[in-house]
Every structure is written in C-alpha cells, then in structure tokens.
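In: I'd like to go over a predicted model; first the sequence, then the structure.
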Amino acid sequence: MIRMINNDECPYVQQVISMYPPELIAILILLLVPVCAAVLLAVFKPDLVRNTLVGITSVIIIGTSIFLAWKALLAPVSVTIENVEWIGILLFIVDLAIAFVILGLSIKYRKILPLILSVIQLILIVRLELFGIDKHEVIQTFMVTNLSVVMVLIIGIIGTLICVYALGYMKDYHEHQIGVPVRKRYFFALMFLFLSAMFGLVLSNNLMWILCAWEVTTLCSFLLIGYSRTPEAVNNAFRAVWMNLIGGICFTLAVTFLIRINSPVNLLSVNNLLNFPNVSVLTIPLAFIAVAGLTKAAQMPFSTWLTGAMVAPTPVSALLHSSTMVKAGVYLLVLFAPLFSQTWVGIFLALIGAFTFLVTSALAISQSNAKKVLAYSTIANLGLITACAGIGTAEAIMAAILLIIFHAVAKALLFLCVGAVEHKIGSRDIEDMDGLLVRLPLLATMMVIGICGMYLAPFGMLISKWVALEAFLTAPLGFVFVSILAFGSAFTIFFWTKWLGKLFMRMNRPPAEKIALHISEKISVIVMGVLVVGCCLGFPAIITGVIIPYLNTIRPYFYQSNNGLFFNDTLVMLGLMAVILLFLIIGAFLGSKEGRTIPPYLGGRAVDAEGRFLGSLGVYKEAKTSNYYLEEYCGERALLKPSWVISGILIIVMLVLGFMGVMIWI
Amino acid sequence: MDIMFLVGAVLFLILAPIFGGLLTGCDRVLTARFQSRVGPPFLQPFYDVAKLWHKEKAFSNPVEIIFTTAYLVLIAFSGAMLATGGNFLFVVFSLTLAHTFLILAAYAANAPFSHIGAERELLSLMILEPILILLAAGCFMVTGSFETYNMLILGIPGIVFLPGVFIAFIAVLTLILRKSPFDISTSHHAHQELVKGVTSSLSGRSLAKVEIAHWYEMIIFLSMILLFFAGYPVISAIVIILVFLLEIIIDNVFPRVTWKMTIKSLWLITLVLGVGNIVILGILGGMFL
Amino acid sequence: MSSTSKSPWLLHYNASSCNGCDIEILAALTPVYDVERFGIINTGNPAHADIFVVTGGVNEQNKVVLKNLYDQIPEPKVVVAVGICASSGGVFRDCYNISGGVDTIIPVDVYVPGCSVRPEALIEGIVKALGVLEEKRAALEAKK
C-alpha cells in the first residue's frame, strides 16, 4: 500500500548539499534568531531595549515564517546537511542539562516524583545515546511539509504576537502582583527560547532532535509556570513537569524500540517512518509516541497539569498552554496519523481523545474562572484533534489540521483578551464580566469574535467539527465517536453561550471612563481578531491550497474526491449564511434605534440609573443572578476521578494492543 | 442549485408561517376543549401577531431588535434549506445559531427574569442538540450523505433503520414545541414561574418576530418526521397529526414536569434509544443501503 | 375592529385589594365564563400587556409599583379599575393608608364598580375597554 520513496527518486525533493539556498537560511533564522534574542533579553534590563529587541525579533520571525511558508507551499522543502553528528552531540548535552536542572530543582523543593522521573529519563537518554544509536547514515535534516507550514505560521505569527502582548502585560502584572519578584529578563528569555524549540520541533526530520526540542519545551513550561514562586505555582509547575516527563520517557522508549527494528533505512527519520511498508512492526513505538502526545496535549488522565498551569501569567497560558506547546503534542500525533490509521493503537488513541473531549466539555460548564474555562476548552479541542489523528483517514487529517488552525487563533485571542480584562476589572471570574461591552468595548468585541469563532456557524471551528463528524462516520467504530461528539458539542454550546451572554448583560450602566490599553496589547489583540476573521473567510483556500496537497503527498491516491460535492454545496450555503450575517451586522449599525427604553421588570420595582432595584427599607440593591454551573453533574468532584479510571484503562489497553501488534483490515 | 430549489425555498418561506399559525390556533382550541372551554377563534395567533406589530416601539436594550430579527431570519433560512432537501447537519447548526440569538436577546435585557429564562432556554438547546446530531448521523449511515433529499427518495422508509432515534426524537419534540416542562421559558402558559422567561422583556415587534419564528420552528420540526416516512405521504401526514395531538395531550396531562426531570429523562432516552440505535446500525454495517 | 381589540392581553395587579375582585377576575378565565373566547390572555408581564386590570385602593407600598407597571406597558394601553375600591376607594376611602382609588396615581379608562365585581360586569367592562383601546390605537396611528 505504501511504497518506499527514496530521496533520489522523488520528484518533489530538492537535494541540497552544500549551497545556501534561501529555504535553508530561513530555517536557520527561525531556529537561531530566537535563541540569540533570548540571550540578549537575558542580559539587558532597560525596558526600552527589551521593547526594541522584541519588536525587531518579532518582525524578523514573522517575515521569515511567511517566506518559508510561501516557499514550502509551492513545493515541500527538504534539506539534507552532511556531517551533523556534532549537532546530535550538542543536543545530547542539552538533554543532560535539562535533566540536571529538573533534578536539581526537584531536590531543592523536595519533590519526589519529578526527582524519580527525571532520573529515569536521564538513564534512558544516556543509554540511548551511548549504546543505542549507531546508525550514522545520512538522513534528511529538515523537512517542511504543509503541516509544518501550518505550525510554522502559528508559532511565527501567533507566538510572536503573544510575546509582543507580554511587553505591556507584564508591566501591569507586576503592578498588580506586588509580592512577585520582577524577573522580566528571565521571563522573556524563556519565551523566546521556547519559540526556538518549537521551530526545531516542527522543522526537524530527526526524531532525536525532535525529542530534544520536546524536552526544552517541557523545561520552559516548568520554569514559566513557576514564575511567581508562590507555593501554588511551584506545586503546579512540578505537576506539569512530572506529567510531561512521563511523556518524555515514553518518547525515549519509542525511539529505543524503533532503533531495534531491523530495517534497511534509518528509522530515526520521520520521512522514512512515514513511508515504511511494514507498519505492523511499528506498533510498539507508535503506542509510546501516542502516550507522549497525550501527556503533552494534557489529555485524560493528564489534564490537571494544564488546568493548574493557569496560575502562570496570561502570556504563558496563551503561548504555551493553548496555542503552541500543546499543539506540539497533537502535531506529533497528526504527523503519524497515516500510520495510526492502520492499527488498533490508533483507534484507542482516538477513543481517549474523544472521551477527553466529552468529559472536559462537561467540566468546563462547572467553572466560573475564565482561564479555567479556556483551559478545559483547550483540552477538549485537543481531544477532538487527537481523535481525528488516531483515526487517521484523509478526512480525519483534514479535520485535525483545520481544528489546529482555528483553535490556535481563536484561543490565543481569547487568552489575550481575558488577560487584559483581568487587569482592567480586577477579576478573572466570568460572573464579573457583565456589561463588558460598554465598560471595555474593544476587548469585549474581540472576546465576542473569539467566542463566536470557537463554536458558532459559520465560523471556522464549526466547519472543522463538521469535517470531523464526516470523518468519524466513515471510520471503523465511527458510531461511537459520533455519539461522543454529539453530546460533547452540546456541552460546548452551553458554556460558550453562557459566557457570551454574560458580556451582553447589564448594558444599562453609565459608560466607564476611558481605560487605556498598552499599545502592545492593543496591536496584538486587534491583529489576532483580524486573523480569526481572515482564517474563517479563507478556509476554502486553506483546504485547497494547504491541506489537500499535504494529503496527496502522503499517498498520492489517498484522497477520494467525493468531497468535491461537499465543497460546492457547503460553500454556497455557508456563503449565504455569511451574507445574511453581514446584512444583520450592517443593519445593527445603521438601523434606527428609536423607541422608548423600558426599565427592567422585577415585579414593578423602581429602578435607579445604574439598574439597581428598590429593595426594602428604601435601599437600592443590585439584583444579581448567576449562571448555571450544574456542579453536581459537571463538577470536578463528580467527574475527575471516574474519568481518570476510564482513560487509564484505555491507555493500558492501547499499550497492550501496541505490544501485540494488532492491525486493522481496511 | 436549480430553479426548483429556489421555488421550494420561496414556497416554504411563505407557506410555513401560515400553516404554523393555523396549527398554533388549532393547538389553543384543542387545549381549550380539553379543559371544557370554548377557546379562541382559529385565527387568533394571526390577530396576536398583528396586534403586537402595531404596538409602540419599546425595548429594554436596543440590541434585542437586531437579535430577534436575526433569530427570525435564521430560522426561516434553516427551514428553507430543509425544505429544499439540503444538508441536514447544516440545518441543525443553523438552528443552533438562530437559538443563540434568541438567548442573547434575553441575556441583553437587563432583568433577572430574562436572565433565568435565557439560562433555561440554553439548557433546552443543550438537551435537544444530541438527538439532532444523532439523527443527522443516522441519515448519513443509511444514505451515505447528509442531504435530506436522499432520505426522501429511499425505497425503504427511514423508520425501519432508525426506530430508536425516532422515539427519542418524538420525546425531545415535546421540549422543542415548548409543551413541557412548565418551567422552561416560553411555554405558552400564562402563569409560570418565570414571567415568560426568555421573552419577558420583549415587547411589540420583537415579540411578534419571536412568535413568527416559533411558527417556523414548529413546521420545521414536525416536517423532520417526514425523514422517517419518506415515500408514504399519507402515512407521514397521519403520523404528524398523531404526534401533534400527542404533544397537546402531554401538555395537558403532565403540567408539573420540571426542567431537572426533563434533562435527566430526555438524555437517558437519547442515550439508550438514540445512541443504541446508531450503535446497532453501525455494527450491522447499515451504510449506504 | 382592528387586531388590537381582537387580541387583548391583560395584566392583572392587586393594589391592596381584599382578593374578592381578584377571585372574580380569575373566575372569568374558567370554563364557565371563558374570556379566552375573545382572545384574552392573562399575561403576568407588562411588556406584553394591553389592558391593565387593577383591583384595590392603593396604599403607600403600591404607589410606586403601580406607576412603574403602568409606564412599562407599551402604547396603546387602557386601564380598567375593577371593584369599588379601585374606582374610588370604596369603604376605605377616608383611611389614612389608602390613596383612594387607582385614578389618583394613573389615568383610568373604565370603572367597573362592585364589591365584589360580578364576572358578567367585568366582562362588559373589558369589552368597553376594548372600544377605548381601538380609539387609542387609531390616535397612535394618526400621530405617526
């Protein structure tokens, strides 16, 4: 079914040996410029220097990302450099350094589990490097497929915008949080180091390099969560680190098993793996990679590290824990999706993802802390992406990539808005966000765009869910996934509409004095909002220009074209709906608002200018009603422990199936 | 999209509210007769809407004007799509979007009753969403696509493949037609604890638009029954009339069903009958028959 | 007869009445009298109402509420004072705590005296109110 592609034969590959073509320069810029920026940011203290550095670096990164993306969309970029063993050794040293840093901090704070796990990881990596790898065969160094293009653009554009936003945000953060020591150099250095690691993760072709980048992201996440050094932050940071260490260990085990396989090609190359004919011997490494992806994407039972990570400053939540780092986990799963589609390991991976989607959507209903709602929603969407990756058919991969794109833009926008709103109104509770449309018009409008982009027709997420539904229906065991999706999406409607409604409530207050946003915050939020709308409008172009060519490179005849029908009718209907909505929006602004304003009704009670009702003893009181939280059904107390049990069982079954090498007969 | 589809859509847009209003009128007359009363004239709903249309323009928050318009327009749009045999899943998503606008209109009023009404309406939306998606999935599993047109031209009527989904759908229809429970918003009874809930701050034209939208909704959901009995128009008509009568009887016989009971019972029914049906269909490989 | 009088929706308010008249109002909705024949619905919501039916003389607590409810009803609207207490204060007219009839607070269009009012008289009062409602609607249309 899959034929092995030799680098020489494939007509798409451009062999590069010692020239310096623009693609290679672009890749090197994306890898090295953030690291240099990180070093400079760690050194210089003055705000002006920092702002300039971040600004210039962001422009460079955005420009280079777009350039590389454009190049790779024309033809997949493949770069092979000779004599790169020294890089391998360097990365091994980085792995050791990371392990020692985690070890040291675990000893300092007396955390047993991270200590044990980092020791295990250390031993495994040393064993792998010294005794395992002896293939020095030259493999492709960098690979930029359309999937990598999507990730590069997400990291390059969204990631840098978040760093720009952080400039204004951190200033307010330290004004509000007086007890936290100011370590802005450390903060920004880590953010840019993280960006570099992410680029390394998505551009590399060598699994050992990807592993190193993976570990660097774990370290950055660990250090950034614990930024404020409060006991809660420290605990949550260590929880994040031990769960991600489990992922790292599984990844290392996957590589260990991989190199034991008797194969004429070097299986450390992702390219070779994807074209390997005999997938049944790959099931064990695949199962371990699945677990690694699950931990990084905070799926059940590993969800608590992500919800706990919300104590970190909002740029950290936006960058690491919604748009980028957790996407690394699902990126890995989507990358190997064609392999997952042939084995029962994939089906169980998809089951874990779908189950997570269901449970975390329910959990999100019970939360009133805005960041926790966003966290649970992130985990839910990642669950959906995982489910699509596990199923691995052409439609499923298309759904997964669409979900990645739309979720990244909308969620980043929401986090940026919530962060700014929190500083302006002093609370991150949704119950305090009523009347936001008159109190903070710009932020509230952007929030509305973000929320609509997460679940309403005709925005992007809905289209992705639709494609996912179609993918589920044509997959083995599809009926189970469809049922889970039906209930899960009902939950998502509930908690998003609740929040959306809250923004429109109590608009009868007097307009607030102008609260100024920092210029950096304003730029990021507005650009992100434009991106959300742009991606939604441009989704047909995304499908035809990016996703379908990607699917065709996996297997040229993979993609059945009955989706031509999907395309035409769907586009017409979506277009009609978009036109209707456009007319409604225009009507909202141009329509006449003449009419008498009736005060709100509460049994005829008198109302004052601020919307408070006349209570007993002649005192005007606020009538506060809060949303439904359905604690007894959807609360953490009710749902967390049973879901750990169920998802734990599913993981164990998945690993067993991997060891047994069970395949699907298509 | 040829000319027949456009004609079908236009016919639906014009005829559905007329039929919906007449059905609502019949509903009120029948309910009155069950209660040993005479009841209003059959055309009463049209008089109601005409009266509301000519009331003074008053609102508690001007955004409710555009939201109720959006609700009406989108419901009509969904119905037109359904009537032309279009993509059922898209119809479901479009209906959800329409409902969201109504709920936002209620949130935007500045009153506590409206807020509670909005929350209850949101709960209703959450309850009815799964069975609709399962129905869409069932259609796909039987015909290979979401187009309702394919369900209507099947040789064997859909109910043979989807009996469980049908029963679950009828159960949820009680909620959709606002017959029960009594404490969701907009149930048609005069005295209920929410002072009309979702519509409590809407007046005049906004309320008229919501009424017309409810007529459209009634026709849309009753015509979904056609998906199960395609090819047998007489049986379909009889089933629809029977279901309608059943809903009115339920309304009169079970007046004190609360929303909590509703969530539990309806989701249990959806899970057991709806999901069970789909699972069995999937196992039997009932695809593309 | 325009649609306004074919679909009159009531708002019923008790401004410190003894409940005698209120019981008779509710009796009108029962099968014996069945005012729904005229399309009358008893809504509990001023935003939906056309006819404001008030019972009881008005006391301090009720004054503000009565005024607010009247204001929240959109035009065209009529007020029907049901019972002698609502019309003029009745037996309690000179009491220190009673305002002395609804028309001391809001303009009344139809008075239906009685203690307590008979449903037949009430229905006739409502029908008269429908005539006034028609006139008001015509005036509203003419103003536009």
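Out: Structure's in. What do you need?
In: and the longest helix anywhere in chain C, how far from the chain's centre?
Out: Counting by DSSP state H, the longest helix found in chain C is helix C:119-143. Helix C:119-143 has its average C-alpha position 11 Å from the chain's average C-alpha position, going by Cα atoms, centre = their mean, to the nearest Å.
In: what about the residue nearest the centre of chain C, is that helix, strand or coil?
Out: Nearest to the mean C-alpha position of chain C, by Cα atoms, centre = their mean, lies C:Val53 at 1.8 Å. Secondary structure state of C:Val53, per DSSP: H, G, I helix; E, B strand; the rest coil, is strand.
In: what's the neighbour count on residue 56?
Out: Reading this off chain A. By the criterion of other Cβ atoms under 10 Å in any protein chain shown, A:Ile56 has 12 neighbours. The way it works is simple: take the backbone N, C-alpha and C, and place the C-beta from them, glycine included.
In: sorry, should have said chain C
Out: C:Gly56 sits with 29 neighbouring residues when counted by other Cβ under 10 Å.
In: cool, A:Lys641 as well?
Out: Applying the criterion other Cβ under 10 Å, we find 11 residues in the vicinity of A:Lys641.
In: Now do the contacts for the residue nearest to the centre of chain C.
Out: By Cβ atoms under 8 Å, 6 or more residues apart in numbering or on different chains, C:Val53 lies in contact with C:Leu10, C:Leu11, C:His12, C:Tyr13, C:Ile25, C:Val80, C:Val82, C:Ile126.
In: So among these, which ones count as buried?
Out: C:Leu10, C:Leu11, C:His12, C:Tyr13, C:Ile25, C:Val80, C:Val82, C:Ile126 (16 or more other Cβ atoms under 10 Å in any protein chain shown).
In: thinking again about what came up before, so which of the contacts of C:Val53 would count as near chain A as well?
Out: Contacts with chain A within these, counted by Cβ under 8 Å from any Cβ of the partner chain: C:Tyr13.
In: pLDDT score assigned to the residue nearest to the centre of chain C?
Out: Model confidence at C:Val53, given as pLDDT, is 95.
In: Nearest to chain C within the stretch 151-300 of chain A, name that residue for me.
Out: Taking Cβ to the nearest Cβ as the measure, the stretch 151-300 of chain A has A:His176 as its residue closest to chain C, at 41.7 Å.
In: Tell me how many other residues surround the closest residue to that residue other than its chain neighbours.
Out: Of all residues beyond its chain neighbours, the one nearest A:His176 is A:His423 (6.4 Å), with distances taken as Cβ to Cβ, 6 or more residues apart in numbering or on different chains. A count of neighbours around A:His423, defined by other Cβ under 10 Å, yields 20.
In: cool, and the one 4 residues further on?
Out: Residue neighbour count, defined by other Cβ under 10 Å, stands at 13 for A:Ser427.
In: ok, of the contacts of C:Val53, which one's closest to A:Pro277?
Out: Within the set of the contacts of C:Val53, C:Leu11 lies nearest A:Pro277; the separation is 78.6 Å, counting by Cβ to Cβ.
In: The closest one should be in a strand, yeah?
Out: Yes - in this structure, C:Leu11 lies within a strand as judged by three-state DSSP.
In: Make sure it is actually in contact with C:Pro74.
Out: No - taking Cβ atoms under 8 Å as the definition, C:Leu11 is not a contact partner of C:Pro74, at 11.4 Å.
In: which secondary structure element contains the one residue in chain C that gets nearest to chain A?
Out: Evaluated by Cβ to the nearest Cβ, chain C has C:Val65 as its residue closest to chain A, separated by 3.8 Å. With the criterion set as DSSP states H and E, the secondary-structure element containing C:Val65 is helix C:60-72.
In: How about residues contacting that helix?
Out: A:598-599, A:601, A:603-607, A:614, C:11, C:13, C:15-16, C:46-47, C:52, C:54, C:56, C:58, C:77, C:79, C:97, C:99, C:102, C:105-106.
In: Check those for burial and list the buried ones.
Out: If you count burial by 16+ other Cβ under 10 Å, the buried members of the contacts of helix C:60-72 come out as A:598-599, A:601, A:604-607, A:614, C:11, C:13, C:15-16, C:46-47, C:52, C:54, C:56, C:58, C:77, C:79, C:99, C:102, C:105-106.
In: could you check the angle helix C:119-143 makes with the helix or strand following the helix holding C:Val65?
Out: On the C-terminal side of helix C:60-72, the nearest following helix or strand under DSSP H and E is strand C:78-82. If you take axes from the mean of the first three to the mean of the last three Cα atoms, to 10 degrees, strand C:78-82 sits at 160 degrees to helix C:119-143.
In: what packs against strand C:78-82?
Out: helix C:20-28, strand C:51-55, strand C:110-112, helix C:119-143 (3 or more Cβ pairs under 8 Å, 6 or more residues apart in numbering or on different chains; DSSP states H and E).
In: winner for burial among those?
Out: strand C:51-55 (a mean of 27; mean count of other Cβ atoms under 10 Å in any protein chain shown).
In: the inter-axis angle of that one versus helix C:20-28?
Out: Between the direction of strand C:51-55 and that of helix C:20-28, the angle (the same axes, to 10 degrees) works out to 140 degrees.
In: hmm, back to that, what are the bridge partners for the residue nearest to the centre of chain C, then?
Out: With DSSP bridges as the criterion, C:Val53 is bridged to C:His12, C:Val80.
In: in chain A, what spans have low per-residue confidence?
Out: Counting by pLDDT under 70, chain A shows low-confidence ranges at A:1-19, A:132-138, A:510-515, A:555-568, A:665-666.
In: Show me what from it comes close to chain C.
Out: Applying Cβ under 8 Å from any Cβ, one finds that chain A approaches chain C through A:Arg596, A:Ile598, A:Pro599, A:Tyr601, A:Gly603, A:Gly604, A:Arg605, A:Ala606, A:Val607, A:Leu614.
In: With distance to B:Ser200 and secondary structure as extra columns, can I get the residues you listed in CSV?
Out: What follows is these, written out as CSV (distance: Cβ to Cβ, whole Å; DSSP: H, G, I helix; E, B strand; the rest coil):
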residue, distance to B:Ser200, secondary structure
A:Arg596, 17, strand
A:Ile598, 11, coil
A:Pro599, 13, coil
A:Tyr601, 6, coil
A:Gly603, 11, coil
A:Gly604, 13, coil
A:Arg605, 14, coil
A:Ala606, 18, coil
A:Val607, 15, strand
A:Leu614, 19, strand
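In: quick one: which of the residues you listed is nearest chain C?
Out: Using Cβ to the nearest Cβ, A:Gly604 is the member of the residues of chain A next to chain C that sits closest to chain C, with 3.8 Å.
In: Please name the nearest non-neighbouring residue to the closest one.
Out: With Cβ to Cβ, 6+ apart as the measure, C:Val65 is the residue that lies nearest to A:Gly604, at 3.8 Å, once sequence neighbours are left out.
In: Can you give me the neighbour number for that neighbour?
Out: The burial count assigned to C:Val65 is 18, neighbours taken as other Cβ under 10 Å.
In: swap in A:Ser204?
Out: Here the count is done by other Cβ under 10 Å, and A:Ser204 has 25 residues near it.
In: and it, bridged to which residues?
Out: Going by DSSP bridges, A:Ser204 is paired in beta bridges with A:Phe142.
In: Let me know whether it touches A:Phe142 as I believe.
Out: Yes - using Cβ under 8 Å, A:Ser204 and A:Phe142 qualify as a contacting pair, with a distance of 6.5 Å.
In: roughly how far apart are the residue nearest to C:Ile23 when sequence neighbours are not counted and C:Val54?
Out: With sequence-adjacent residues excluded and distances taken as Cβ to Cβ, 6+ apart, C:Ile23 is closest to C:Ser116, at 7.2 Å. For C:Ser116, the distance to C:Val54 under the criterion Cβ to Cβ, to the nearest Å works out to 14 Å.
In: Much appreciated, bye for now.
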